[in-house]
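S.K.: What would the 3D arrangement of this be:
(one chain, ligands or ions: 1)
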Amino acid sequence: MNLEPIITIRGLVNRFGTTAVHDGLDLDVFRGEVLGVVGASGSGKSVLLRTIVGLQVPNAGHISVLGTDVLTADPEHLRTVQNRWGVMFQGGALFSSLTVRENVAAPMRERLGVDARTRNALADLRIAMVGLPVSAGDKSPSELSGGMRKRAGLARALSLDPEILFLDEPTAGLDPIGATEFDELIKALQQALGLTVFLVTHDLDTLHATCDRIAVLAERKVMVTGTMAEMRLVDQPWIHAYFNGPRAHAAQPMSVAT
Ligand SMILES: Nc1ncnc2c1ncn2[C@@H]1O[C@H](COP(=O)(O)OP(=O)(O)OP(=O)(O)O)[C@@H](O)[C@H]1O
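M.R.: The predicted model follows:
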């Protein structure tokens with residue numbers, strides 16, 4: 001991994017009413033890494049993701065993605081940058097009135113004007129890449145299991161062949177086997193496609209299986225960043241409890257745990 005920052009956040013402030021969720025938050029995400037973002041419930045992980053992708057306008061701060069200041073870029077330039085990332089929200093956030101293939105192809109139609117034949121072929125490729133049978137393309141999201149819907153959501157996030165993938169709680173709601181398979185899929189795709197992944201999660205197994213680096217949100221900032229091994233040594237109550245508690249030990253690979 002080289003250390004070229006692909007996302008740079010400085011002095012980010014997000015307030016809702018009088019409550020500050022972020023106050024002077026700084027973070028770098030480097031090209032080619034999988035960064036896991038963790039923190040207590042309500043610490044502002046999803047708000048951070050939403051702010052980077054432009055769904056939440058912050059009160060202050062700077063966010064640069066792929067060299068563009070996304071808070072001040074003109075709309076046309078911003079769209080070209082937005083075409084270089086994909087987002088998978090919790091639950092997949094698929095359009096229920098469209099088939100899976102249409103969902104996956106929708107960004108190609110809306111953002112790039114790709115013709116129907118090409119986008120259907122490219123959508124089928126994305127559907128296969130996430131391990132769904134091509135027949136899933138004809139189904140509506142409601143006909144899929146929760147795990148398949150997640151995969152369809154991932155296929156849609158990959159629609160435009162992005163450089164950066166944003167994942168919000170990708171394994172939430174999956175059974176342990178499904179979650180493990182999904183972790184493996186994320187890692188395999190990240191390596192095959194050279195993706196940079198910004199991954200919000202509570203799932204310690206996902207952190208172990210997929211992440212190069214962790215960023216911990218606490219006290220309205222990114223309190224610490226580092227590897228899993230470094231996290232276990234941090235002397236802060238929440239971080240210590242999270243990375244050294246019984247669930248953390250259970251999630252460690254056997255070679256580390258014994
Ligand atoms: N649109 C909004 N209006 C008001 N408050 C909001 C809004 N969005 C988020 N918040 C508040 O901001 C705080 C951070 O929310 P966020 O969803 O980012 O937390 P999180 O760290 O992702 O939590 P969880 O792990 O439970 O998903 C919470 O207190 C939430 O209630």
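
S.K.: Check which residues of the helix or strand encompassing residue 205 are buried.
M.R.: Under the criterion of DSSP states H and E, residue 205 resides in helix 204-210. Neighbour counts using 16 or more other CB atoms under 10 Å place 204-210 of helix 204-210 among the buried residues. C-beta: built from backbone N, CA, C; applies to glycine.

S.K.: now check the next helix-or-strand element following that helix, is it near the ligand?
M.R.: Going down the chain from helix 204-210, the next helix or strand is strand 213-218, by DSSP H and E. No: judged by CB under 6 Å from any ligand atom, strand 213-218 stays clear of the ligand, getting no closer than 6.6 Å.

S.K.: Determine the set of other helices and strands touching strand 213-218.
M.R.: Packing contacts for strand 213-218, counted by 3 or more CB pairs under 8 Å, 6 or more residues apart in numbering; DSSP states H and E, involve strand 19-30, strand 34-39, strand 221-226, helix 228-231, helix 237-244.

S.K.: which one of those lies closest to the ligand?
M.R.: Of all the helices and strands packed on strand 213-218, strand 19-30 sits nearest to the ligand, with 4.4 Å by CB to the nearest ligand atom.

S.K.: Paired strands for the closest one, with orientation please.
M.R.: strand 5-16 (antiparallel) (DSSP bridges).

S.K.: The strand it pairs with to strand 34-39, inter-axis angle?
M.R.: 20 degrees (axes from the mean of the first three to the mean of the last three CA atoms, to 10 degrees).

S.K.: Can you tell me the closest non-neighbouring residue to residue 101?
M.R.: The shortest distance from residue 101 to any non-neighbouring residue, by CB to CB, 6 or more residues apart in numbering, is to residue 137 (3.5 Å).

S.K.: what sits against that neighbour?
M.R.: Neighbour list for residue 137: 99-101, 104, 123-124, 127 [criterion: CB atoms under 8 Å, 6 or more residues apart in numbering].

S.K.: Show me which positions of stretch 176-191 end up buried.
M.R.: Neighbour counts over stretch 176-191 (16+ other CB under 10 Å) mark 178-179, 181-183, 185-187, 189-190 as buried.

S.K.: okay if I get these as JSON lines plus distance to the ligand?
M.R.: Formatted as JSON lines, those follow (distance: CB to the nearest ligand atom, whole Å):
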{"residue": "178", "distance to the ligand": "20"}
{"residue": "179", "distance to the ligand": "16"}
{"residue": "181", "distance to the ligand": "23"}
{"residue": "182", "distance to the ligand": "18"}
{"residue": "183", "distance to the ligand": "18"}
{"residue": "185", "distance to the ligand": "22"}
{"residue": "186", "distance to the ligand": "19"}
{"residue": "187", "distance to the ligand": "22"}
{"residue": "189", "distance to the ligand": "23"}
{"residue": "190", "distance to the ligand": "22"}
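
S.K.: Tell me which of these has the lowest pLDDT.
M.R.: By pLDDT, residue 178 ranks lowest within the buried residues of stretch 176-191, coming in at 88.

S.K.: before we move on, what SS does that one have?
M.R.: helix (DSSP: H, G, I helix; E, B strand; the rest coil).

S.K.: Of all the residues in stretch 42-59, which ones are buried?
M.R.: So stretch 42-59, judged by 16+ other CB under 10 Å, has buried residues 43-54, 58.

S.K.: Sort out which one of those residues lies nearest residue 217 for me.
M.R.: residue 43 (4.3 Å; CB to CB).

S.K.: mind listing what the residue nearest to the closest one when sequence neighbours are not counted touches?
M.R.: Sequence neighbours aside, residue 217 is the residue nearest to residue 43 in space, at 4.3 Å (criterion: CB to CB, 6+ apart). Counting by CB under 8 Å, 6+ apart, residue 217 touches 25, 37-39, 43-45, 48, 223.

S.K.: Local confidence estimate at residue 217?
M.R.: Looking at residue 217, its pLDDT stands at 95.

S.K.: Alright, I will stop here.
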